[in-house]
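> Starting from these lines, generate the structure:
(chains A and B)
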Amino acid sequence: MESSRREIEVMANLLGSNDVQAEVNRAHFRKNNCLAINVIGSPGAGKTTLLEKTLPHFTLDLRVGVIEGDIFTSKDADRIAVHKIPVIQINTGGGCHLDSKMVSKVLPEFDWSSMDLMIIENVGNLVCPADFDLGEAFKVIVLSIVEGDDKPSKYPVIFRNAKAVVLNKMDFELLTDVNMETMRHDIRTINPGIEIFEVSCRNGNGLQAWTSWLRHEVEAYKEDKG
Amino acid sequence: MHEMSLMGGVFEVLEQTLSQHDIKRVLQVKLKVGELTNAEPEALAMAFEAYSKDTLCEGAELIVERVPVRGCCRKCQHVFTVKTMFFLCPKCQNTSIEVIQGEELLLESLEVE
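Numbering: from 1, shown residues only, chains lettered A, B, ... in the order given. Below you'll find the model as predicted:
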């Protein structure tokens, strides 16, 4: 019965339902005039430490919230909560990335009346989170230089899609074979417009430039009400 | 292994499509996956096998077509294939490149009976 064999054209986006929810989340952030950013990096790159070191500066005059994504435990949320910052932990229970539905579920837990900045720290992973829009305004990568200067060219998708990269653990530069010229060159070749911040969360070097930039982004987002 | 989540998306669309047609079984599923995504064909095949068990898709062939990255230079409008993720116009050396192909994650078509 060869004749019963037929083709059906579908042409549907596999991320369709994620993308639809991401747009709903994006509209929620816009309505509340709150800049949402998606922070992505390998396990141990220093994502939570970067937040711990810089968020206290923001909370002097801005309202900040944090969504922590991890496979298991609330260790990261506990670290943020110490700084009296509203934080919700999402446990993916094995999932390697956050998706827009997981984020949407926890949004009602925050007080949105005066939120200025929502930081979503994704599950530690340079691969999977790149494909899932959460509704953020932009993505920020945290890469520790000890991971190696080959990482941007090995994980180009995320570097292409991010607005800024924070290169952490600069205090280790002389203790490793990392070539910072290669690192910067490869990042810029993949994404010429990306902002690069070289910092050490341990000794505080370079953090000022990052916080000034992020503060400027919050203001720019609020002014651009479009 | 976010290919499991992506395959969840495939089956969401599949179920919807299959409910609209009179189908005995699915013989072939065709996906289009851009090189500027992190979806890996072998992991997709594994996820497909897991998801298709006890459905109309069990035993169907999964075809994953990789779509190369194509860029368009924002300065001279030259269209070219972006190799090894180096976003540089080969004609005018400009680095501001718009991606016009290579970001797709699509369920293209099905073959059914």
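> Check whether stretch B:63-82 comes near chain A.
No. Stretch B:63-82 is not in contact with chain A by CB under 8 Å from any CB of the partner chain; minimum separation 9.3 Å. For the C-beta atoms, the positions are set from N, CA and C on the backbone; glycine is no exception.
> Okay, now that stretch: how far is its last residue from its first?
End-to-end span of stretch B:63-82 (CA to CA, to the nearest Å): 23 Å.
> what's in contact with stretch A:160-169?
Outside stretch A:160-169, the residues that touch it by CB atoms under 8 Å, 6 or more residues apart in numbering or on different chains are A:40, A:45-46, A:49-50, A:130, A:138-146, A:159, A:183, A:187, A:190-191, A:194-202, A:210, A:213, B:36, B:85, B:87, B:99.
> Mind giving me the PyMOL select for those, buried ones only?
Here is the PyMOL command that selects the buried residues among the contacts of stretch A:160-169 (16 or more other CB atoms under 10 Å in any protein chain shown):
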select buried, (chain A and resi 40+45+46+49+50+130+139+140+141+142+143+144+145+146+159+183+187+190+191+194+195+196+197+198+199+200+201+210) or (chain B and resi 36+85+87)
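> Tell me which of the contacts of stretch A:160-169 fall in helices.
Counted as lying in helices by DSSP state H, out of the contacts of stretch A:160-169, are A:49-50, A:159, A:183, A:187, A:190, A:210, A:213.
> next one: stretch B:70-88 to chain centre, how far?
Remark: stretch B:70-88 is offset 21 Å from the chain centroid, using CA atoms, centre = their mean, to the nearest Å.
> Can you tell me what sits against it?
With CB under 8 Å, 6+ apart, stretch B:70-88 has contacts from A:153, A:156, A:160, A:189-192, B:36, B:68-69, B:89-92, B:94-102.
> what's the spacing between the residue of chain B positioned farthest from its centre and chain A?
Relative to the mean C-alpha coordinate of chain B, counting by CA atoms, centre = their mean, the farthest residue is residue B:92 (30.7 Å). As for residue B:92, its distance to chain A is 14 Å (criterion: CB to the nearest CB, to the nearest Å).
> Starting from residue A:107, give me the distance back to that residue.
From residue B:92 across to residue A:107, the span is 45 Å (CB to CB, to the nearest Å).
> Now do the same contact list for residue 113.
Using chain A. With CB under 8 Å, 6+ apart, residue A:113 has no contacts at all.
> switch to chain B, that's the one I care about
Counted by CB under 8 Å, 6+ apart, residue B:113 has contacts A:1, A:4-6, B:23-25, B:27.
> Same question for residue A:144.
Here residue A:144 is in contact with A:41-42, A:44-46, A:167-169, A:172 (CB under 8 Å, 6+ apart).
> distance of it from chain B?
As defined by CB to the nearest CB, residue A:144 lies at a distance of 20 Å from chain B.
> and the closest residue to that residue other than its chain neighbours, how many neighbours?
Counting by CB to CB, 6 or more residues apart in numbering or on different chains, residue A:169 is the residue found nearest to residue A:144 once chain neighbours are left out, at 4.2 Å. Each residue near residue A:169 was counted by other CB atoms under 10 Å in any protein chain shown, and the total is 24.
> Could you tell me how far residue A:169 is located from chain B?
Relative to chain B, and taking CB to the nearest CB, residue A:169 is found at 24 Å.
> So what does that residue have for phi and psi?
The phi and psi values for residue A:169, taken as degrees, to the nearest 10, are phi 70, psi 40.
> try residue B:79
phi -100, psi 130.
> for residue A:44, same thing?
The phi/psi pair for residue A:44 (degrees, to the nearest 10) is phi 90, psi 0.
> quick one: the residue farthest from the centre of chain B is in a helix?
No. Counting by DSSP: H, G, I helix; E, B strand; the rest coil, one finds residue B:92 to be coil, located in no helix.
> Spit out the contact partners of it.
B:73, B:75-76, B:78.
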